[in-house]
Structure formats: structure tokens, C-alpha cells
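*Asks:* Need a 3D model of the following:
(2 chains)
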Amino acid sequence: MNREDLAEFLFPNITKTVEDYEKLYPARNLEENARVTRYAPSPTGFMHIGNFLAVTISYVLAKNSNGIFYLRNEDTDTAREVEGAMEFIRHILEHYHMEPDEYEYRDTNETKGIYAPYIQSERKEIYQAFIKHLIKEGKAYPCFLTQEEIDVIREGQARDKRRIGIYGRYAKYRDLPVEEAIERIKNGEAYTIRLKSSGDFNRKFKFNDLAFGEMELPENDLDIPIMKSKDGLPTYHFAHLVDDHLMHTTHVVRGQEWISSVPIHYELFKTFGFPMPKYIHIPLILKKDGDSVRKISKRLDPEARMSYYEEKGYPAYALIEAIMTIANSNYEAWREGHPTSSFTEFPFSPKKMSASGALFDLDKLDNISKNYISRLTKEEVYEGVLSWSQKYDSEFYELLTKYKEYSMAIYNIEREQKKPRKDYTYFGEIKEKTWYMYDEYFDSSKIDFLEYDVEEVKKILTTYKSLYNEKDTQEEWFNKIKEMCENLGYATNMKEYKEDPTPYKGSIVDVTNIIRLTLTSLTTTPDLYSIMQILGSEKVLTRFDKMIAK
RNA sequence: GCUGCCUUGGUGGAAUUGGUUAACACGCUGGCCCUUCAAGCCGGAGAUUAGGAGUUCGAACCUCCUAGGCAGUACCA
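*Replies:* Next comes the predicted model:
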């Protein structure tokens, strides 16, 4: 019996060969420099901001070269699979307008692209064909090491300060006679398929990472598992080899933590004689924790989860901009020169990517978001708040639907001007900045007049009420307030008042503040005249009367 | 332990690849403006480029040492 027999014994139903699959997955017909990138998540939970960085870079890389960006579902770890994870990822890609060109969605049974299936668990026989080939070549073998045995080996290695792993003499089953292997399998022994590594750890090879530049790594000599015993599914390393080869990925964008796996991938590609894709290892997103920094964590840091930004109502644009500034330091400068271009037009350069981990700066995100919202039209702001509230605040959503024009008028205060107001950071915040405009939320009885004397407040309101006219222009409106101030003993000239407040009861600031408090219950609001115009005389007078009657 | 990577102000980070007072943006802060706030405008503080040594006329950039951080070292990806 020989290796050929072993291969047939292990995979009797696998009839297609590596060559067959190469023909089934022909080279892509794209422009010369078009890049093929992918997002290949495992459906194990919520999407992480670090994944989003990788997605964004992959997407830009593909799109600004007329290439292809595809989605591949890496569901080989059945134990960790979380239901709905893929739907969430799909939702995120749609929300940020980074839809893949090729994909396969199990929930809706949609597939697009000729390299399907794009779900790894459905590609089992493909991987097995490649593994069968390796077995025939004597470059892979069944291994009967149990988890317990491996643990013992590891402990021993740790104790002796040796490298940890299954290599050299620890690879107990790499030369097991075929007969014995078949015998053991027939007896029902669990086995995994391991690569029979031909590497030498003491030999180095040069590897060129597009972000890090050239580095020297030791060859792999680990007999890594390539097929799991439980379900015959491949491990990540092997699936990466097969899929990215067959799907003709040109650029693999992934987190820095993968750099140490490069020797494995290098050996795998070399074993098959396949060209390696280009790699772009991207910085980790870190988080400050006291004095130290650590990788941002989904468990500890809410901002690590992509859902965080949606819940708050950050515009998709803002998050993309913020993440792009992390991806490429010259992005902001480019954006200044191309204010209306899509981020996909940005000439992304992996070389300009930071090699060290980056802290995601929420202040920076706020700033970008605020500026962005300030540039929107009132209709766009309304749309933003509406779609946010539809999902997160149904009560407010009802109100917005009911008072559409009214709400838009609020958002338009100090908007249509060269330097618009910038007080909305994200859509979820708009309610807490505008609630007082709605009678449904406003409650006169809860107003706190701070240090102001109640009788004086009533006097001012009563006086002002008789002067107020909805039709007044802003100038007329302000002149009336000034006039009233003079009659009631309040200063209208702030300079004089600051120099010597003694002849006055207070200043015009106090008077406008009292009006502001009466109408909004707040001391800080957008332009008061605009607010009164939008509220309209009916609401204004009602709110005045409630205070006067109190 | 082993292997690899990283280290410029509070944050992201620039520096034409050794050449004068280390960009820019965010944040912080003072003032102006002023009916509040925000914005805007004009300023300010904040880094002996992790530490040390060397090479050089000259070092954030090159070399060496030290320290610290991060990652991997799974039948997880």
C-alpha cells in the first residue's frame, strides 16, 4: 500500500482534482492593475472596528482600481458560530455603502459571482481535493495525536524552554506506515490531517508586506493541522490558500496579528506552486487603559463594536472619514482638495499606513461628524434623524413624521449661511437638543429660573407679551427688547454694564435669558428669534401665559 | 521561553528617504465678537523624536545596546 491508496482511502468520494478546480475557477478578466480584495469574516459575533478598517481599505483598494471586492463567509469554526452574525455584517456593509460585488447570503438564498460558493462550509469537497493531492504527494498525513497528548508535549516544551508546536521529533505520526494509519482509522481513531512541513526554522526568507515593507521571517517547520478531525473542514490557513488562490485575490488585507502566520502561508503556497497574493497587514486599533494601551476589545469598549456608531446615529460618512484618516495619514489633506469626491477615489497607499497600532480618536470622529452634519441640507438632516429614530426611538419618530416641516425648520436655524452652526454631533443627539420645540415634551412647570426673582420674571414677561408681534423682523424684534430693557431698568450696552453694573437691575442678557428660559427651559439654545419664529405666536403666548400664571 | 513587529506633544500623525526654529488636524486654553450657546476670527501652551552609546560637519531618519508595548506560538479565525 502506498500514499495513493491512503489518499483514496481517506477521500473516496473526492473525484475532482486540483487541476479540475483550476479550470472551474479561471483567472478574472480584469484590467491590468485591477485589484481583487475580499472581506472574509468568520460569523462569530458583532463586527469589530478593526474589521471595519480592513473592510474599508479592501473596498477602496478594489474600487479605485476598477477591481472586485467580494465577501466570503469563513464559517469553518462551527463551534463558535453565532446566529445572525452574517446578517449583521451584511447590514453593516450596506449601511456604509460598501456592498460586495460577489457574495452568497444564506438567509435570502442570494448568490452573485462565478467563484461561488462563497461560504466555506459549502466548499468542503474543494478543500478536500487539495488535501487529497497533498496526501498523494506525501506532503500531508493523518495525525492521531489527541488533545491531551498535545498538551503534554506543549508543557514539556515550555518547561524545557523550547519552541512550542508539533514539529520535528514531536510530529510523531508524520512517517507512520500507510497500513497502520488505515488500520487506526478503521478502528475509529480520530485523526486530523497535518501538513508535512519541509521548512527549516533556522533558515530565513524575505517577505515583502505592502504596509510594513520587507521583513525577514523564519521558515515554517510546524506540521500544522490543515483539516479538522471533527467535521473534515479545513483550518483557516488551508482555506486561505485554496480560496484566495481559486478566487484570484490579489491583495489580502488583514490585521497585524497575522504576520506571524505568514511563514505558514508562504510554505503552503510554495508547496502548491501558487503565486502568493500581496499582503497588507494593518495596524491594530488600540485603547488606552489607565497607563497602558491594549487592543480595543468588544467586551470592554463599547466603541469597539460597529453597532455603537449606529446606535448613536453617527452618519456613515463620518465614520468612514474617521477610519480613513487612520488608514492613510494623507487622507485629510486629500479630502481638503476633494471635498465632494467619494472616498473610493482616494489613491490609497499601503506604504503610508502607520505600522504601529492606532488609538481610535472619538473626539476626532465627533469633529468630522459635526462638520459633516453642518453641511447637510435641512432635508438631509431630517432624513438622518428620521431613519435613526425609526430604529431607536419610535416615540420621537412619530413626532417627526407628524411635524415634518416644523422639524426641518428647526434644523435650518443658522444653517443656510457660509458658516453654519455645528451643534449636532450625531443624529441620535438631535432629540436632546431640540425636544423643547415640541409641546409633547415641553413642560413649563419644570422650568428653573435659577437666581431670577419670580416677580421680576413675571413683570418682564407681561411687559414683553404686549410688545411681541410674530411679524416683526429680527431687527424690530430686538429693538423692542432693547426698548423694554431701558424702560425696566436693564442695561442694553454690555460694555457699560460690565464696567459698572450698579445703576441697573441687570442687563439685556438677563432679559433674553428669561425669555429663553420661558420658551425652552434652557439657557443655551440656537438663535432665540428663530426659535420664536418657528414656535409661532400661539405656542409663544401659551408658554408666556403659563409662566405668568404660575 | 521562542519568533516577528512597533515606540515622534493629550490624540491621529507629517518631515521630499541625514540638512536650518520637528508640519497639519483634533483636543486643551486666552482673547475678540456678542441677546445665550455653538460657530467664526486672532493668539497660546504642549515633543530635548522611549533611554543610552556610536558613525557624521550634521541624526527623528544609519549602526549597536537597553527598556517598554503589541501580536502569534489552538483541530480559533
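
*Asks:* now the closest residue to residue A:111 other than its chain neighbours: how far from RNA strand B?
*Replies:* Once flanking residues are discounted, residue A:111 sits nearest to residue A:104: 4.5 Å by CB to CB, 6 or more residues apart in numbering. (C-beta placed from N, C-alpha, C; glycine too.) Per CB to the nearest atom of the strand, to the nearest Å, residue A:104 is found 16 Å from RNA strand B.

*Asks:* where does residue A:279 fall, helix, sheet strand or coil?
*Replies:* For residue A:279, the assignment made with DSSP: H, G, I helix; E, B strand; the rest coil gives strand.

*Asks:* Let me see the contact set for it.
*Replies:* Contact analysis of residue A:279 by CB atoms under 8 Å, 6 or more residues apart in numbering lists A:207, A:209, A:210, A:251, A:252, A:254, A:262.

*Asks:* Look up how far RNA strand B lies from the closest residue to residue A:444 other than its chain neighbours.
*Replies:* The shortest distance from residue A:444 to any non-neighbouring residue, by CB to CB, 6+ apart, is to residue A:546 (3.9 Å). Applying CB to the nearest atom of the strand, the value for residue A:546 to RNA strand B is 21 Å.

*Asks:* can you check residue A:244 too?
*Replies:* Residue A:244 is 12 Å from RNA strand B, by CB to the nearest atom of the strand.

*Asks:* neighbours around that residue, how many?
*Replies:* 22 (other CB atoms under 10 Å).

*Asks:* Please list all residues in contact with it.
*Replies:* Residue A:244 neighbours (CB under 8 Å, 6+ apart): A:38, A:252, A:277.

*Asks:* buried subset of the residues you listed?
*Replies:* A:38, A:252, A:277 (16 or more other CB atoms under 10 Å).

*Asks:* Can you tell me the element residue A:111 falls in?
*Replies:* strand A:110-112 (DSSP states H and E).

*Asks:* can the following helix or strand past that strand be found next to RNA strand B?
*Replies:* Counting by DSSP H and E, the next helix or strand C-terminal to strand A:110-112 is helix A:124-137. No. Using CB under 7 Å from any atom of the strand, helix A:124-137 stays clear of RNA strand B, coming no nearer than 11.1 Å.

*Asks:* Give the buried residues for helix A:124-137.
*Replies:* A:124, A:126, A:127, A:128, A:129, A:130, A:131, A:132, A:133, A:134, A:135, A:136.

*Asks:* Format these as a markdown table; extra columns: pLDDT.
*Replies:* What follows is the buried residues of helix A:124-137, written out as a markdown table (pLDDT from 0 to 100):
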| residue | pLDDT |
| --- | --- |
| A:124 | 96 |
| A:126 | 97 |
| A:127 | 97 |
| A:128 | 97 |
| A:129 | 97 |
| A:130 | 97 |
| A:131 | 97 |
| A:132 | 97 |
| A:133 | 96 |
| A:134 | 96 |
| A:135 | 96 |
| A:136 | 95 |
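
*Asks:* which one among those residues gets closest to RNA strand B?
*Replies:* Proximity of the buried residues of helix A:124-137 to RNA strand B (CB to the nearest atom of the strand) peaks at residue A:127, which lies at 11.1 Å.

*Asks:* List the residues that contact the closest one.
*Replies:* Neighbouring residues of residue A:127 by CB under 8 Å, 6+ apart: A:227, A:233, A:234, A:238, A:239, A:242.

*Asks:* Can you tell me which of the residues you listed comes closest to residue A:481?
*Replies:* For these, the residue nearest residue A:481 by CB to CB is residue A:239; the value is 72.3 Å.

*Asks:* Is the closest one within a helix or a strand, and which one?
*Replies:* helix A:236-246.

*Asks:* Quick one: work out the angle between that helix and helix A:124-137.
*Replies:* If you take axes from the mean of the first three to the mean of the last three CA atoms, to 10 degrees, helix A:236-246 sits at 100 degrees to helix A:124-137.

*Asks:* Mind listing residues that contact stretch A:246-259?
*Replies:* Contacts of stretch A:246-259 (CB under 8 Å, 6+ apart): A:21-22, A:24-25, A:27-28, A:34-38, A:50, A:54, A:57-58, A:61, A:67, A:70, A:72, A:115, A:126, A:209-210, A:212, A:215, A:240, A:243-244, A:277-284, A:357.

*Asks:* could the contacts of residue A:244 be laid out in CSV, adding pLDDT and distance to residue A:297?
*Replies:* Formatted as CSV, the contacts of residue A:244 follow (pLDDT from 0 to 100; distance: CB to CB, whole Å):
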residue, pLDDT, distance to residue A:297
A:38, 96, 25
A:252, 95, 24
A:277, 95, 29
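
*Asks:* Show me the subset of the contacts of residue A:127 that also lies near RNA strand B.
*Replies:* Restricting the contacts of residue A:127 to those adjacent to RNA strand B (criterion: CB under 7 Å from any atom of the strand) gives residue A:233.

*Asks:* Now render the contacts of residue A:127 as TSV, adding neighbour count and pLDDT.
*Replies:* Conversion of the contacts of residue A:127 to TSV gives the following (neighbours: other CB atoms under 10 Å; pLDDT from 0 to 100):
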residue	neighbour count	pLDDT
A:227	27	95
A:233	19	95
A:234	25	96
A:238	26	96
A:239	21	96
A:242	25	97
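
*Asks:* I'd like to know which of the contacts of residue A:127 is nearest to residue A:483.
*Replies:* Closest to residue A:483, out of all of these and judged by CB to CB, is residue A:239, at 79.3 Å.

*Asks:* Tell me who's in contact with that closest one.
*Replies:* Here residue A:239 is in contact with A:74, A:76, A:120, A:123, A:127 (CB under 8 Å, 6+ apart).

*Asks:* if you set the cut-off to 7 Å instead, what comes out?
*Replies:* With contacts defined as CB atoms under 7 Å, 6 or more residues apart in numbering, residue A:239 is in contact with A:74, A:76, A:120, A:127.

*Asks:* since we're on the first one, how many residues are nearby?
*Replies:* Same thing as residue A:74. Residue A:74 - counted by other CB under 10 Å - has 19 other residues nearby.

*Asks:* RNA strand B versus the nearest residue to it once chain neighbours are set aside, what's the distance?
*Replies:* Leaving aside its sequence neighbours, residue A:74 sits nearest to residue A:42 (CB to CB, 6+ apart; 4.4 Å). Remark: distance between residue A:42 and RNA strand B (CB to the nearest atom of the strand) = 4 Å.

*Asks:* In the contacts of residue A:239, find the pair that's most separated.
*Replies:* Using CB to CB for every pair in these, the one that comes out farthest apart is A:74 and A:127, at 12.1 Å.

*Asks:* What residues does the stretch 151-300 of chain A have near RNA strand B?
*Replies:* Near RNA strand B, when you scan the stretch 151-300 of chain A using CB under 7 Å from any atom of the strand, you find A:154, A:158, A:161-166, A:190-192, A:204, A:212-213, A:215-218, A:225, A:228-230, A:233, A:235-236, A:256-261, A:283-284, A:286, A:288, A:292-295.

*Asks:* buried stuff in the host helix or strand of residue A:7?
*Replies:* Applying DSSP H and E as the criterion places residue A:7 in helix A:3-10. For helix A:3-10, burial by neighbour count (16+ other CB under 10 Å) applies to A:3, A:6, A:7, A:9, A:10.

*Asks:* Right, I'll call it a day here.
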